[in-house]
Every structure is written in C-alpha cells, then in structure tokens.
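Novice: next comes the sequence, and after it the predicted model I'd like to discuss.
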Number of protein chains: 2
Amino acid sequence: MADVPNDAPEHCPGTSSDQAGKSSACQGCPNQNMCASGAAKAPDPAIEEIRQKLTSVKHKILVLSGKGGVGKSTFSAHLSHALASDDSKEVALLDVDICGPSIPKIMGLEGEQVHQSGSGWSPVYVEDNLAVMSIGFLLSSPDDAVIWRGPKKNGMIKQFLRDVDWGEVDYLIVDTPPGTSDEHLSIVQYLSSAGIDGAVIITTPQEVSLQDVRKEIRFCKKVKIPIIGVIENMSGFVCPKCKNTSQIFPPTTGGAQRMCEELNLPLLGRVPLDPRIGKSCDEGRSFLTEVPDSPAAVAYQNIVQKIRDYCSSHSTPDNPC
Amino acid sequence: MADVPNDAPEHCPGTSSDQAGKSSACQGCPNQNMCASGAAKAPDPAIEEIRQKLTSVKHKILVLSGKGGVGKSTFSAHLSHALASDDSKEVALLDVDICGPSIPKIMGLEGEQVHQSGSGWSPVYVEDNLAVMSIGFLLSSPDDAVIWRGPKKNGMIKQFLRDVDWGEVDYLIVDTPPGTSDEHLSIVQYLSSAGIDGAVIITTPQEVSLQDVRKEIRFCKKVKIPIIGVIENMSGFVCPKCKNTSQIFPPTTGGAQRMCEELNLPLLGRVPLDPRIGKSCDEGRSFLTEVPDSPAAVAYQNIVQKIRDYCSSHSTPDNPC
C-alpha cells in the first residue's frame, strides 16, 4: 500500500499502522526507529509541494489498465488532442511509463528535449495549448533502455509533478504503465493532496484482459480514486474489403459491457480496431484529424465528451472548471 | 543496474562501483557504511542457493518484450505446451508477472493452489510433465490486486526460484511483465549463477512496439543475456469471410524483419492474428491442439523447433541436454 516505504522489508506493516516499527518484520529495517517514533506517519513533504504546484491545474485524470498493449497511450494521446482542439482549453499530458515511454513517438515529438527554466522544467509543446512531458525527452536515443528499479522511477515521477512548469492547465492527463505497482502507488500518493478527478480504465474485450482490469479497478477502490468509466478498445475489426466484422479478441465472457454491469461502472464506449490508428501513432499524428469520420474517431469523440461532462459536473468550489 | 539495492537513493553509484558508499548520493543511504566497507560487493547468498536448487533444470529461457499486450504470456504458454508434447521432456513454466499474472487463466488452472511440502512449494501440474508456478495460485480470488512496490515483488521472485520444488526439468520457461525494471533485474540477478540459456523477444509489427522492444534488446545486452531470437506476433489478419489480409498493426518501419536485420538478430518467425488464439487462452486450452493445422499453430511449431535447436546446440558439458 501507499504507506510502505521503498526500502521496506517484505512484510512491512505500513508506516501508518499501529504496528509500525514494532512488528517482527521491522527487525533490521532501516526505518524501524523512525517508524517506532511515529515520525514516519508524517507525509512526504513533496505531497504538499505538489499540491501547491498544481493549484493551477483544474482537472487531473489518470488513464489506467491492468494489462499492457490495450491502448492506454493511444487513448491518452487522443484524449489530449481532442481536449486541446478547443483553443480555450490548456491541456497537459504526462507520461509516467518510465520504462516504456510511447508518448513522444505517438505525439510526433521524438528527438525533442525538455528545457530548464527558472520556474522548473519546461514541457514540450505540440501546440500552444498542448504540453507534454515524458522521460523519453530525457534520453539521448529513443532506443535507450531505462533500467531502473522502483525507487528511481518514483523519484522521476515526483520530479515530473513537482518540478515541471505546467502553468495554467485545464486538464492534466496522466498516462500510466500496466500494473498496480510503483508508478501507480507513487502517482496516487503524490497527487493525494492535489486531488485526482478520476481514472479512465482501458481494456480489450477478451477475458485475459478483463481479469487484469478488474485488478486495476480493485486498486482504484483501495486507493479511493473515482472511476470515470471503462473504454473497450479493439472491439471488433471491419474487413476493409468485404465489410465483415471479426472479433479479433473475442469477448468470451461478455466483454467490458458485462464487466461494467457487474461492477456497476459506466462503459464510456467501444472503439473498433482500425489499422489507421496504429499508423497515425507511428507517424506521430492525430487519428482524429486524419480520419475524423471513421467509426473509431467518432467513438473516441463521444468518449471524450463524456469525460468533459464528468469533469464539469465534478467541479468543486475550490476547483472550478 | 543489477547492483543497485532496492533501498538505494536516486543516484546510487552501484554497490560494486569504486564510489560505493563514498559518492555524494550515498549520504544518508542506509547501506552507506556497508558499501564503504566493501561488504556489499558480496553477492546475495540467495544467488548461490538458487544455483544449487536449479542444478536439476537443464535449460532456462526468458520470454521478454518491452511492450505489454504483444503476446508474451500466450507465447510462453504455447511454448510450454509444445515442448511438453514430447512425453520424454519435463517442462516448467514460471510466471514472474506479479501484478498481472495471466498464466493460470491461459493454462486452464484458475482456482488451483500451490501446496507446501518438505522440499518446498509444489507447482501446479497441467500434465505429468508440465508444471506451472504463478502468484495467481496464491491469491484468494483471480480479481485480487497485488499492489506491491519493487522490493516485495523481488522477494516473491526469489521465493519462486529458491523455494519451489521444480524437480528434474528439461526446460524452464520464464514469462515476464513488460518493461526493464524490478522483475527483469531480479530474475537476471537471481539466475546469474544458475545461468540463462537465452531470451526470446516478442513484438508486434508497429513501430510503437518495436521502439520498446529495442529497449528490451539493450537491456539483454547490458545484462549479458544471449538473445535466441525475435518473434513478430499479430502479423496480419486474414478475414475469415473473404480471405483478404489486413495489417491491423501496420509495420510502418519494416516490422520485426527490418529491426532484426539492423540489429543482426534472428527472426524466429511471424505469427498471424487469429481470433481462435484469444479464445483458447480465455478457455485455458492449447491453441496448438485445438486448431493444429492453422497458419498460426504451424508458425508457433516452427518457432518452437528453432528454440529446441538453439538449446541443443548451446548445451555445455556441465549442462547437457
């Protein structure tokens, strides 16, 4: 859980537990004395610094999925493009997939680098109102491997939140790696005071994916992040020659629709497979402007509108839209 | 790198560096004194215990990919099924995807549990000669989320290698999560004395996937794991109605073939998309026996034969096939 330090032993009871510093697992842990004293219950001061830094960010949305390769980065990119198509909105996209950052490629920003200014790291701008930050901008080559264990990844995520000069932003979209581990715990922990509007969960129709996605939903419930809704990606493929629809990843257990009914979650929409989506991503262009009338682009736009509506209706007086 | 402890600060020089315990980053690190004394250069004793435990395992193969959702678990499962179709061979499949274990589902073993015996944890057997171990067997429900940071994941991987009673095994297949982080560093570190025959790298044809796979190849080179070869999955889809082939994930930069040429790596084969693969996985059955004559099954079998040949030709006198 979020209150287990990076250097904790396997059966750490958690720094906020009554057993902190006192359980048998604490023997030999470097934090034992601090935990036993109660000092470890104090939150990381970065959490407050991040809250202050992000007071200029109205809405914060996580894009999550238990499974990889279901289209999280593709959706995050297109959500950002769609929100930024309204010139009056400022949009920021943060990639916290430290070991597999795809956002620079998908946003057409490969080879770009961040700049340091007096007020922090400057993100890379796709357009005047669309800022992007990714570890990809810090690598000397797109093929460079980031071979880091958790603590280094967590330090990077903290820097992205605390040290990037995002400016006034209407929507901050956070693209995550698959799983429920360091990156996920860190983003939730560091944004715990700043506040997260909610999470969008991406899946594909087959049960092997839904099973991992249910784990991600459990994660959201445990860390108390509201779920905006679920998107089913790669939902059928229409043959360009004969127009026959094939279920390439068959929804053998009823797909996202049945899962959403069972878990009482909104299904935001289904996006069909379209080879032009992958092609647009590889070429760093927005599929929404490349092929705006395609069924997949229309599905994306409908989903984005639901996310806009969610954010508007969930504004608080402290955080007006 | 592998010699950075789990609780190291961000700029840890590594325990085997000349700067260990002495660099400015070491200030305040709980390991500083141990590193400065040189004691940290001693390897984790578990590495030797694992070497002894795995002397009964002839070949150890990692299945890797930078990107999620490209078919690592599906391939790992089918590689295991194919190798075990020879009754004279003993096969073991280890799932080190701690946060997204798909192997129990794909192998038709959901709801199974491991048992403790005098000689360690007993794996779950699909057939007499096919043993499986996954954290999925330790969860009370398949929807349970494993919300663990790196150190706990690493401890689990150590237990899987040291405490599981694998017995006499010809092939140990290790299925990994996407990325180049804790799970990957740990499996390589813990198997460093036992020895890894090589890694099979899985990709899909589009550049967004190849980019992550190049990072995984860099990882293999850095940690000195031989690469057996690359498999291109989801390589075209034949419409079941009109037989037209569509490239759903288009190889905009030449796909795995061009990458393999550039990096001088063997392309083991290409597996087309077939909805029956996903269906077999959801139902926990082997696609290779369900539809043995399909182009995808034939492609899988050809690839498996190349892996068998690799292992035979790479036997060492200490480790005869």
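Specialist: Perfect, I can see it now.
Novice: gap between residue A:288 and residue A:84?
Specialist: 11 Å (C-beta to C-beta, to the nearest Å). No exception for glycine: its C-beta is placed from N, CA and C like everyone else's.
Novice: what of residue A:50?
Specialist: From residue A:50 to residue A:84 the distance is 23 Å (C-beta to C-beta).
Novice: swap in residue A:62?
Specialist: 18 Å.
Novice: who has more neighbours out of those two?
Specialist: Legend: neighbour count by other C-beta atoms under 10 Å in any protein chain shown for residue A:62 and residue A:84, higher for residue A:62 (27 against 22).
Novice: helix or strand right after the helix or strand where the more buried one lies?
Specialist: Using DSSP states H and E, the element containing residue A:62 is strand A:57-64. Scanning forward in sequence from strand A:57-64 by DSSP H and E, the next helix or strand is helix A:72-84.
Novice: mean confidence score for that next one?
Specialist: Helix A:72-84 comes out with an average pLDDT of 98.
Novice: dump it to CSV, restricted to CA.
Specialist: C-alpha atoms of helix A:72-84 as CSV (Å, rounded to 0.1, in the frame of the first residue of the first chain):
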residue,chain,number,x,y,z
LYS,A,72,-3.6,3.4,-22.9
SER,A,73,-1.0,5.6,-24.6
THR,A,74,-3.0,5.8,-27.8
PHE,A,75,-6.1,6.8,-25.8
SER,A,76,-4.2,9.3,-23.6
ALA,A,77,-2.8,10.9,-26.7
HIS,A,78,-6.1,11.2,-28.5
LEU,A,79,-7.9,12.4,-25.4
SER,A,80,-5.3,15.2,-25.1
HIS,A,81,-5.6,16.1,-28.8
ALA,A,82,-9.4,16.1,-28.6
LEU,A,83,-9.5,18.3,-25.4
ALA,A,84,-6.9,20.7,-27.0
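Novice: that one: how far from the chain's middle?
Specialist: Centroid separation for helix A:72-84 versus its chain: 11 Å, with C-alpha atoms, centre = their mean, to the nearest Å.
Novice: next, the angle from that helix to strand A:57-64.
Specialist: Interaxial angle, helix A:72-84 versus strand A:57-64 (axes from the mean of the first three to the mean of the last three C-alpha atoms, to 10 degrees): 150 degrees.
Novice: and the residue in the stretch 101-250 of chain A that chain B sits nearest to, what's its pLDDT?
Specialist: As assessed by C-beta to the nearest C-beta, chain B sits closest to residue A:150 within the stretch 101-250 of chain A, at 3.3 Å. Looking at residue A:150, its pLDDT reads 94.
Novice: could you tell me how many residues sit around it?
Specialist: By other C-beta under 10 Å, the residues close to residue A:150 number 26.
Novice: now the phi/psi pair for the closest residue to it other than its chain neighbours, please.
Specialist: With C-beta to C-beta, 6 or more residues apart in numbering or on different chains as the criterion, residue A:150 has its nearest non-adjacent residue at 3.3 Å, and that residue is residue B:150. The phi/psi pair for residue B:150 (degrees, to the nearest 10) reads phi -50, psi -50.
Novice: from residue B:74, how far out is residue B:150?
Specialist: Distance from residue B:150 to residue B:74, by C-beta to C-beta: 26 Å.
Novice: now swap in residue A:222 and tell me
Specialist: 29 Å.
Novice: try residue A:74
Specialist: 21 Å.
Novice: do the same with residue A:226
Specialist: 33 Å.
Novice: looking at the two, which is more packed in?
Specialist: residue B:74 (24 against 12).
Novice: tell me which residues touch that one, please.
Specialist: By C-beta atoms under 8 Å, 6 or more residues apart in numbering or on different chains, the contact list for residue B:74 reads B:106, B:233, B:277, B:281.
Novice: tell me which other helices or strands the strand or helix carrying the third one touches.
Specialist: In the assignment (DSSP H and E), residue B:277 maps to helix B:275-283. Helices and strands in packing contact with helix B:275-283 are listed as helix A:207-222, helix B:72-84, helix B:103-106, helix B:287-290; criterion 3 or more C-beta pairs under 8 Å, 6 or more residues apart in numbering or on different chains; DSSP states H and E.
Novice: out of the ones you listed, nearest to residue B:32?
Specialist: Checking the helices and strands packed on helix B:275-283 against residue B:32 by C-beta to C-beta gives helix A:207-222 as the closest, at 34.3 Å.
Novice: what comes up buried for the closest one?
Specialist: A:207-220 (16 or more other C-beta atoms under 10 Å in any protein chain shown).
Novice: who does the helix or strand following that helix pair up with?
Specialist: From helix A:207-222 onward toward the C-terminus, using DSSP H and E, the following helix or strand is strand A:227-238. Sheet partners assigned to strand A:227-238 using DSSP bridges are listed as strand A:198-203 (parallel), strand A:245-246 (antiparallel), strand A:267-273 (parallel).
Novice: centre of the chain to strand A:227-238, how far?
Specialist: Distance, centroid of strand A:227-238 to centroid of chain: 16 Å (C-alpha atoms, centre = their mean).
Novice: now swap in stretch A:148-157 and tell me
Specialist: Worked out by C-alpha atoms, centre = their mean, stretch A:148-157 lies 16 Å from the chain centre.
Novice: got it, and stretch A:284-300?
Specialist: Relative to where its chain is centred, stretch A:284-300 has its mean C-alpha point 21 Å off (C-alpha atoms, centre = their mean).
Novice: for that stretch, give the mean pLDDT please.
Specialist: 97.
Novice: pull out the buried residues from that stretch.
Specialist: For stretch A:284-300, using 16+ other C-beta under 10 Å, the buried residues are A:284, A:286-288, A:291, A:294, A:296-297, A:299-300.
Novice: repeat that for stretch A:178-189.
Specialist: Residues A:178-189 are the ones in stretch A:178-189 that count as buried (16+ other C-beta under 10 Å).
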